[in-house]
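Peer 1: here is a sequence together with a model predicted from it:
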Amino acid sequence: MQESRPFEVVLIGGGISGLASSYYLEQLAASKNIPMHLTLLETSGRLGGKIATERLGRVIIEGGPDSFFTQKPFALDLCREIGLSSELDEADPTTRGTYILNNGKPVKLPEGTETGMPSKLRPFMSTDLISFPGKMRALYDFVAPRKKSAGDESVGSFIARRLGGEFLFKIVEPMYAGIYAGDVYQLSAESTIPSLVALERNYRSIIHGMRSEIRKRSGQNREKRPGEAPKFITLKGGMIGIVEGLRSKLRQTDIVLNEGATGIFNQPKDNSRKYLITTSQGRKIAADSVVLAVPAYAAAELIKELSPGLSRLLSEIKYSSTATVTLGFPKDGTALKLHGHGILVPRTEKGMVTGCTWESSKWPDHSTEDILLARCYIGWFGHDEFMAYDDASLVKEARIFLENTFGIMEPPVLSRVFRWPMALPQYMVGHQGLVRRIESENRSLPGLFLTGSAYHGVGVPDCIHDAKSAAEALVNYLSVDRLS
C-alpha cells in the first residue's frame with residue numbers, strides 16, 4: 001500500500017485538454033483523499049493551445065475558437081464550476097443569422113437550417129439558395145429508404161443519399177468545412193453527424209425525425225428549463241478567460257512552460273515509478289501516470305519506442321492546417337450595414353476564404369462603437385498551400401474576399417493573422433473503429449491516458465468532457481494501485 005509519497009502524474013500539453021485534465025485530477029484526488037503531485041509540460045511559452053485571445057483595449061481578437069455551443073453542456077458547466085458565471089456572454093440574438101455565398105452573392109440561410117437540416121419547410125421552399133429541383137430532391141428524404149448496409153459512410157455520401165447533391169454542396173458542405181476544415185467525402189458520418197445517422201435509423205426520414213425531436217425538446221424546455229435553449233457562449237474578456245480561470249484553480253500542479261516532452265519510456269522494473277519522461281531541457285521525470293493531451297501525431301512520436309503499435313494507430317489520424325485573419329474597419333467609412341453573425345463559403349466558390357464571422361456583430365462588447373471586426377477563415381483538408389504565404393498575403397486574400405462579397409473598399413485600421421499548422425483532426429470514414437483500436441492498444445500501457453480533440457469531438461465542450469473522463473479513469477487506476 002502506498003501512503004508515504006504522493007503519486008507523480010505528468011500531463012503533456014497545456015491546451016484546454018491538459019488544463020481541464022489537471023483541474024479534474026486535483027478535484028478528484030482531493031475528494032478521494034489520494035495524495036498526488038502533478039507536473040504539466042507545455043512546449044510553448046503560453047497556455048491555452050488553440051484558444052488564443054488578444055486584447056487591444058476594448059477590442060478582443062480571437063485567434064482560435066470564439067465561443068462554445070451549450071447543446072453539449074460540459075464547457076458551460078465547467079465555467080460555472082470555476083466561478084466564471086458572471087463572465088459568460090451570449091451571442092447577440094438581435095443580429096442572429098448566417099449567410100451562404102452563392103454565385104458570389106450573400107444569401108441568407110433559410111430559417112430552420114441552422115443545424116444543416118431543413119426543419120422548417122416554408123422558409124426552405126422560399127429560399128433562392130437552392131433551385132426548385134434541388135428542393136424537390138431534398139424533400140425526397142420523406143420517402144427515401146433507410147440505408148441497407150451496415151457500417152460507416154462519408155458525410156457527403158450520407159447527405160447526398162438523403163437530400164441530394166445540391167443541398168450537400170450549398171448548405172451542408174460549407175457548414176462542416178467550417179467546423180472541421182475537411183472534405184465531406186472523407187469525413188465520417190458516424191463521428192461528425194451521429195445525431196443525423198440516429199435520425200435515419202429511428203425515423204427513416206431525417207427531416208421528419210428532426211422536426212419530431214425539436215417538438216419534443218420544445219415541450220421539455222417549457223416544462224423543465226424555460227429559457228435554456230442551446231446558445232453560443234463566450235466570455236466577456238475572450239475565450240482565454242477559461243484558460244485563466246482554470247490556471248487560477250490549480251493548487252497541486254507545477255506548470256512548466258517552454259519545456260516539452262521528447263519521449264516516454266518504461267522505467268526499469270526495480271524503479272518504483274512506472275514511466276520516465278525526457279524533456280526538451282534535458283530533464284528526466286519519473287511518473288506513476290501520464291496524460292497525453294497533445295495532437296495524435298505528437299503523441300505517436302512520444303511513444304514510438306514505448307509502443308510502436310499504438311504509435312502507428314495514432315499516426316493514422318490526419319490533420320488539417322488553418323489560419324484566421326481578423327481585420328478591423330472604421331464603421332464611419334464602411335457603408336455596409338451588417339446583418340447576421342457571418343457567412344459560409346462553399347468550395348464551389350472561388351478564393352481561399354472558407355467563411356467569415358462578423359465579430360463586432362456577434363459579440364458587440366468585443367469591439368468599440370467605431371470599429372467593425374471581420375474574422376476570415378482560411379484552409380481546408382488537403383489544401384494547405386496558404387501556409388507558405390506571409391501575413392501580408394493572407395491579409396490581402398481576406399481583403400479581396402470582403403471587397404468582392406460585401407464591397408468593403410477601405411483599408412483596415414488593424415489586422416491580425418493566426419496560423420494553426422496541423423490543428424484540426426480529420427474524423428475520416430471509420431474513425432470510431434480506429435479510436436476503438438487505439439483504446440484497445442492503449443490498455444497495454446496501464447497508467448498512460450490519451451485525451452484531446454483527436455478522439456471523441458473537436459469542440460471545446462468535447463475536449464473538456466474527454467479530459468474529465470481521462471481524469472476519472474486515471475484516478476480509478478491509481479486508487480486500485482494504492483490498495484494493491
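Peer 2: Done, it's in. Numbering: from 1, shown residues only.

Peer 1: ok, Ala52 touching Arg416?
Peer 2: No - Ala52 sits out of contact with Arg416 when judged by Cβ atoms under 8 Å, with a separation of 10.0 Å. In short, each C-beta sits where N, CA and C put it, glycine included.

Peer 1: what residue ranges in this structure score low on pLDDT?
Peer 2: Low-confidence segments of the chain, defined by pLDDT under 70, are located at 1-4, 114, 218-230, 270, 333-339, 481-484.

Peer 1: so what's in contact with Ala52 and Arg416 at the same time?
Peer 2: Common neighbours of Ala52 and Arg416, using Cβ atoms under 8 Å, 6 or more residues apart in numbering, are Gly63.

Peer 1: buried set for stretch 275-283?
Peer 2: 275-277, 279 (16 or more other Cβ atoms under 10 Å).

Peer 1: any chance of JSON lines for those, columns distance to Phe449?
Peer 2: Listed next are the buried residues of stretch 275-283 as JSON lines, based on distance: Cβ to Cβ, whole Å:
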{"residue": "Tyr275", "distance to Phe449": "11"}
{"residue": "Leu276", "distance to Phe449": "17"}
{"residue": "Ile277", "distance to Phe449": "14"}
{"residue": "Thr279", "distance to Phe449": "19"}
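
Peer 1: Gly241: which of the residues you listed is nearest?
Peer 2: Nearest to Gly241, judged by Cβ to Cβ, of the buried residues of stretch 275-283 is Thr279 at 29.2 Å.

Peer 1: what distance do you get for the closest one to Thr95?
Peer 2: 47 Å (Cβ to Cβ, to the nearest Å).

Peer 1: show me the strands in the stretch 301-450 of the chain, by range?
Peer 2: With strands called from DSSP state E, counting those that start in this stretch, the stretch 301-450 of the chain shows them at 318-330, 342-344, 353-358, 371-378, 414-426, 448-450.

Peer 1: tell me which of those lies nearest to Pro194.
Peer 2: Per Cβ to Cβ, nearest to Pro194 of those: strand 414-426, 16.0 Å.

Peer 1: direction included, what does that closest one pair against?
Peer 2: strand 318-330 (antiparallel) (DSSP bridges).

Peer 1: just give me how far the strand it pairs with sits from the chain centre.
Peer 2: Relative to the mean C-alpha coordinate of its chain, strand 318-330 is positioned 15 Å out (Cα atoms, centre = their mean, to the nearest Å).

Peer 1: again with stretch 86-95
Peer 2: With Cα atoms, centre = their mean as the basis, stretch 86-95 stands 20 Å off its chain's centre.

Peer 1: that one: end-to-end distance?
Peer 2: Using Cα to Cα, to the nearest Å, the end-to-end distance of stretch 86-95 comes out at 22 Å.

Peer 1: domain ranges for the protein?
Peer 2: 7-48+242-317+428-483, 53-73+81-94+318-425, 111-223 (automatic domain parsing).

Peer 1: among those domains, which comes closest to Lys105?
Peer 2: Across those, closest to Lys105 is domain 53-73+81-94+318-425 (Cβ to Cβ), at 7.9 Å.

Peer 1: for stretch 347-355, buried residues please.
Peer 2: 349, 351-355.

Peer 1: how about stretch 21-34?
Peer 2: Residues of stretch 21-34 classed as buried by neighbour count (16+ other Cβ under 10 Å): 21-26, 28-29, 34.

Peer 1: number of residues surrounding the closest residue to Val184 other than its chain neighbours?
Peer 2: Leaving aside its chain neighbours, Val184 sits nearest to Gly156 (3.9 Å; criterion: Cβ to Cβ, 6 or more residues apart in numbering). For Gly156, the neighbour count with other Cβ atoms under 10 Å is 21.

Peer 1: wait, what's in contact with Gly156?
Peer 2: 168, 173, 183-185, 187.

Peer 1: that one: which element?
Peer 2: helix 155-163 (DSSP states H and E).

Peer 1: need the next SSE after that helix, C-terminal direction.
Peer 2: helix 165-167.

Peer 1: and the residue nearest to Glu359 when sequence neighbours are not counted, how far is that from Leu434?
Peer 2: Take Glu359 and drop its neighbours on the chain: the residue closest to it by Cβ to Cβ, 6+ apart is Leu373, 4.0 Å away. As judged by Cβ to Cβ, Leu373 and Leu434 stand 39 Å apart.
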